[in-house]
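Enquirer: Sequence first, then the predicted structure:
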Amino acid sequence: MFGVALYSFDRHLMGRSAGEARQAGAGGCVGLLWPGGEVSCAAVAAGPFPEGGAKLSMNDGRTGEVSMFALDPRLEQDTLLVGDFPLSRLLLMNDARYPWFILVPRREDVTELFQLDVDDQHALWREATLLAEVLKDTFRADKMNVANLGNVVSQLHMHVIVRRRGDDAWPGPVWGRHPARPYSSEQVEAIRGKLRMVLTDGFRFAGEA
């Protein structure tokens, strides 16, 4: 069971793609406070990386085991970094047609839900349902689309999409319907402001100490 993450890096900024943030970042450290009071460190390595993807090396101070998390380069390219839940990284698809969010569990080499351990399965479901609930209220959704596909990007990720009657793909799915329409910086800041009002306990926005 993982402890509470005490973030001490500032290499990502909301409104930049995850890829841009990786290239601009210089790495850092994430402190982990375990239930017994022990503190261990996770090194946030600076890019670029041979296969793309910002890698997070997690060192469990109790066991010495190290796991690596790397975001798929295609997700980096297509999304903007929002921040982190205890388990999952939260991304915003860079398509202003829909408030379209993606949760990516920070676990190495996981492509299927059943490959997560039971605690992580429960955590992912809690994060997805919490996110869907607050997005529905915040963005006045007519329907929330929550889906796990992975046919193109196999890294396990969960889509949480706000749908409204009359949006550009309604009532069909959003995938493959229209070219993405990138957000302006003002639109991104407006979304971040809304999220700050509803994502509080247990969520850390990118760029915050």
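Expert: In hand now; what should we look at? None of these values were measured; they are calculated from a predicted model.
Enquirer: Just the CA trace of the helix or strand where Q187 lies, in PDB.
Expert: According to DSSP states H and E, Q187 maps onto helix 185-198. Only the C-alpha atoms of helix 185-198 are listed here, as PDB (Å, rounded to 0.1, in the frame of the first residue of the first chain):
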ATOM      1  CA  SER A 185      -4.100  29.400 -23.200                       C
ATOM      2  CA  GLU A 186      -7.100  31.300 -21.900                       C
ATOM      3  CA  GLN A 187      -9.400  28.300 -22.200                       C
ATOM      4  CA  VAL A 188      -6.900  26.100 -20.400                       C
ATOM      5  CA  GLU A 189      -6.700  28.600 -17.500                       C
ATOM      6  CA  ALA A 190     -10.500  28.800 -17.300                       C
ATOM      7  CA  ILE A 191     -10.700  25.000 -17.100                       C
ATOM      8  CA  ARG A 192      -7.900  24.900 -14.500                       C
ATOM      9  CA  GLY A 193      -9.800  27.500 -12.400                       C
ATOM     10  CA  LYS A 194     -13.000  25.400 -12.500                       C
ATOM     11  CA  LEU A 195     -11.100  22.200 -11.500                       C
ATOM     12  CA  ARG A 196      -9.400  24.000  -8.600                       C
ATOM     13  CA  MET A 197     -12.900  24.500  -7.100                       C
ATOM     14  CA  VAL A 198     -13.800  20.800  -7.100                       C
END
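Enquirer: Output the contacting helices and strands for it.
Expert: Contact here means 3 or more CB pairs under 8 Å, 6 or more residues apart in numbering; DSSP states H and E; on that basis helix 185-198 packs against strand 79-84, helix 118-138, strand 204-205. Just so you know, the C-beta spots here come from the backbone N, C-alpha and C atoms, and that holds for glycine as well.
Enquirer: Out of those, indicate the one that is most buried.
Expert: A comparison of these by mean neighbour count, using mean count of other CB atoms under 10 Å, puts strand 79-84 on top with a mean of 23.
Enquirer: helices and strands around that strand, which ones?
Expert: Secondary elements touching strand 79-84 (3+ CB pairs under 8 Å, 6+ apart): helix 18-24, strand 88-93, helix 185-198, strand 204-205.
Enquirer: looking at those, which is closest to R163?
Expert: Nearest to R163 among those is strand 88-93; the distance by CB to CB comes to 13.3 Å.
Enquirer: Let me know the next secondary structure element after the closest one.
Expert: Counting by DSSP H and E, the next helix or strand C-terminal to strand 88-93 is strand 100-105.
Enquirer: what mean pLDDT does stretch 125-135 have?
Expert: The average pLDDT for stretch 125-135 rounds to 98.
Enquirer: Need the helices and strands packed on helix 185-198 in CSV (columns: distance to L90).
Expert: Formatted as CSV, those follow (distance: least, CB to CB, whole Å):
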stretch, distance to L90
strand 79-84, 4
helix 118-138, 7
strand 204-205, 9
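Enquirer: got the contact list for Y98?
Expert: Y98 makes contact with I161, V162, R163, D167, D168, A169, V174, according to CB atoms under 8 Å, 6 or more residues apart in numbering.
Enquirer: try V160
Expert: W100, F101, I102, L103, A128, L131, A132, L135, M144, N145, V146.
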